[in-house]
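Chemist: Next input, structure requested:
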Amino acid sequence: MHPGMRATHLMLALISRDWAGLPIALLVAAGGGWCTALGAAWVVPGALLLGVAALLAAGSLRHLVHVARAGANNPPPGRMVDVGGHRMHLLAEGDSATRPAVVWMPGGHAPGHAMHHLHTMLREHTRSILIDRPGSGWSDAGPFPRTTATEAAELLTVLERAGEEGPFVFVGHSFGGLLVANAARCRPDLVAGLVLLDPTPPDVITYGPPNPVLRQSGPRLFLRSAVRKLFGIHSGAGAEPSPAVGSRTRADCAAASIFRELTPAGMAAVGWQTMVYDGDLGDLPLLLVAPRDLTGGEQVLDAAGDPEEAVRVRRFYLTTRERFLATSTMARRVHAPEGTGHGFPDEVPGFVAETVRTLLSELESNRPAPSS
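Modeler: Predicted coordinates for the structure are as follows:
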């Protein structure tokens, strides 16, 4: 790893700890004290540093109180499972009976809670499982750097150590779709089927046109958010969409780390471990569920600059989306309802739940009869 990147991840690992603001404030205070000891010429700068240190310490204490209250009021609804030095939160409800359990993975670096509305629709039909990626939800931050390949391995580990029995149906949206496809590539024996909800195609990152949506969710945004939270400023958007576990810094730090993959240089560095290539999934049943067009993607098309370029951009995005169909001989396309965009799991949750139930029924009917 490049020394600069190593330093960046060490910094993220530090500020992912909610208590890190206090030692930082202490270091600033020590600098202020050292300045004042140098003589009269340094008294004013020293006093300014001591004042800054006092403000940082007050903000850090405010943050720690906020986190403690949120944690006390919102204990984890599921289990905390050790995955090798750090814990992940897993919520499993329902009975799998003759059907595979369903594992949900939301987009971005969101916690499992982001798909709770779909979880509640499926837990009456089979076992349904929500998992918080390290850093999100109730899960610990985990080691840095965060990568899709690492989190795919952690996903399989937490299921195994929680005693959940596969094979599973993995359902992943957007960046979560890329994650579960990686998990299936690594352990196809644990997978009964895949439902990829408009999954992130790595080609879009590596070869695509400038994307204002990706720029708006870049690592620097999450790093700034983490620093603000660390010193008691909790307003503004962060990586944690639900207030259930408070404004912890680890969510933003984990997102800042893993979203470094979402750049041409970042994807080039991890491509072999992150890409799911043609044929990698063998004959696993796979549903690629996505809109027919780019509804909701107007911001990307507007950035094209002229109509001819917009046509090319549209064709590029629609084509790269379909690449996942080549990963398995048992893949097929399902179109999301007309008028929906990339966020269709929230727009039409009933459609998503019914799509998953349909795959479960197909897998159940194709299951070999028990031997007498």
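Chemist: going forward, measure contacts and count neighbours with C-alpha atoms only.
Modeler: Noted.
Chemist: so what's the spatially most central residue of the chain closest to, chain neighbours aside?
Modeler: In the chain, the residue lying closest to the centroid (CA atoms, centre = their mean) is residue 109, at 1.8 Å. Excluding the flanking residues, the one nearest residue 109 by CA to CA, 6 or more residues apart in numbering is residue 255, at 5.9 Å.
Chemist: So the one you found sits against residue 224, correct?
Modeler: No: using CA atoms under 8 Å, residue 255 is not in contact with residue 224; the gap is 11.7 Å.
Chemist: the more surrounded of the two?
Modeler: More crowded of residue 255 and residue 224, by other CA atoms under 10 Å: residue 255, with 29 against 15.
Chemist: host element of the more buried one?
Modeler: In the assignment (DSSP states H and E), residue 255 maps to helix 249-258.
Chemist: Following the helix ranked longest in the chain in sequence, what is the next regular element?
Modeler: Looking across the chain with DSSP state H, the single longest helix is helix 43-73. Counting by DSSP H and E, the next helix or strand C-terminal to helix 43-73 is strand 79-82.
Chemist: for that next one, the distance to its chain's centre please.
Modeler: 18 Å (CA atoms, centre = their mean, to the nearest Å).
Chemist: what pLDDT, on average, does that strand get?
Modeler: Strand 79-82 shows a mean pLDDT of 97.
Chemist: again, but for stretch 131-142
Modeler: Averaging pLDDT along stretch 131-142 gives 96.
Chemist: Next: stretch 342-352.
Modeler: Mean pLDDT, stretch 342-352: 96.
Chemist: The helix holding residue 255 - contacts with which helices or strands?
Modeler: helix 3-15, helix 219-230 (3 or more CA pairs under 8 Å, 6 or more residues apart in numbering; DSSP states H and E).
Chemist: low-scoring stretches of the stretch 1-150 of the chain, by residue?
Modeler: 1-4 (pLDDT under 70).
Chemist: now do the stretch 151-300 of the chain
Modeler: In the stretch 151-300 of the chain, residues with pLDDT under 70: 212-217, 236-246, 297-299.
Chemist: Residue 348 - how many residues pack around it?
Modeler: Residue 348: 13 neighbours (other CA under 10 Å).
Chemist: give the contact list for it.
Modeler: 337, 340 (CA atoms under 8 Å, 6 or more residues apart in numbering).
Chemist: Now it: phi and psi?
Modeler: In terms of degrees, to the nearest 10, the main-chain angles of residue 348 are phi -130, psi 70.
Chemist: Most tightly packed of the helices and strands packed on helix 249-258?
Modeler: Compared across the helices and strands packed on helix 249-258, helix 219-230 shows the largest average neighbour count, a mean of 22 (mean count of other CA atoms under 10 Å).
Chemist: Give me the helices and strands touching that helix, please.
Modeler: Using 3+ CA pairs under 8 Å, 6+ apart: helix 219-230 touches helix 3-15, helix 43-73, helix 249-258.
Chemist: tilt between the helix or strand following the shortest one and helix 249-258?
Modeler: From helix 249-258 onward toward the C-terminus, using DSSP H and E, the following helix or strand is helix 264-274. Using axes from the mean of the first three to the mean of the last three CA atoms, to 10 degrees, the interaxial angle of helix 264-274 with respect to helix 249-258 works out to 90 degrees.
Chemist: Would you mind listing the buried residues in helix 264-274?
Modeler: 264, 267, 271, 274 (16 or more other CA atoms under 10 Å).
Chemist: Distance check, the last one against residue 343.
Modeler: Looking back up the chat, that one is residue 274. Distance of residue 274 to residue 343, given as CA to CA, to the nearest Å: 23 Å.
Chemist: do the second one as well
Modeler: Taking CA to CA as the measure, residue 267 and residue 343 are separated by 23 Å.
Chemist: Show the residue spans covered by the strands in the stretch 201-350 of the chain.
Modeler: Residue ranges of the strands in the stretch 201-350 of the chain, as given by DSSP state E, counting those that start in this stretch, are 286-290, 331-335.
Chemist: measure the residue of the chain positioned farthest from its centre to residue 50 for me?
Modeler: The C-alpha centroid of the chain is most remote from residue 40, which lies 51.9 Å away (CA atoms, centre = their mean). From residue 40 over to residue 50 the distance is 15 Å, taken as CA to CA.
Chemist: do the same with residue 10
Modeler: Distance, residue 10 to residue 50, by CA to CA: 26 Å.
Chemist: can you check residue 17 too?
Modeler: Relative to residue 50, and taking CA to CA, residue 17 is found at 23 Å.
Chemist: Likewise for residue 303?
Modeler: Distance from residue 303 to residue 50, by CA to CA: 46 Å.
Chemist: between the two, who's got more neighbours?
Modeler: Shown here are residue 303 and residue 50; by other CA under 10 Å, residue 50 has more neighbours (22 against 15).
Chemist: Next up, the contacts around that one.
Modeler: By CA under 8 Å, 6+ apart, the contact list for residue 50 reads 28-29, 32-33.
Chemist: what about 10 Å?
Modeler: 25-26, 28-33, 35-36, 44, 56 (CA atoms under 10 Å, 6 or more residues apart in numbering).
Chemist: Turn those residues into a markdown table, including secondary structure.
Modeler: Listed next are the contacts of residue 50 as a markdown table, based on DSSP: H, G, I helix; E, B strand; the rest coil:
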| residue | secondary structure |
| --- | --- |
| 25 | helix |
| 26 | helix |
| 28 | helix |
| 29 | helix |
| 30 | helix |
| 31 | helix |
| 32 | helix |
| 33 | helix |
| 35 | helix |
| 36 | helix |
| 44 | helix |
| 56 | helix |
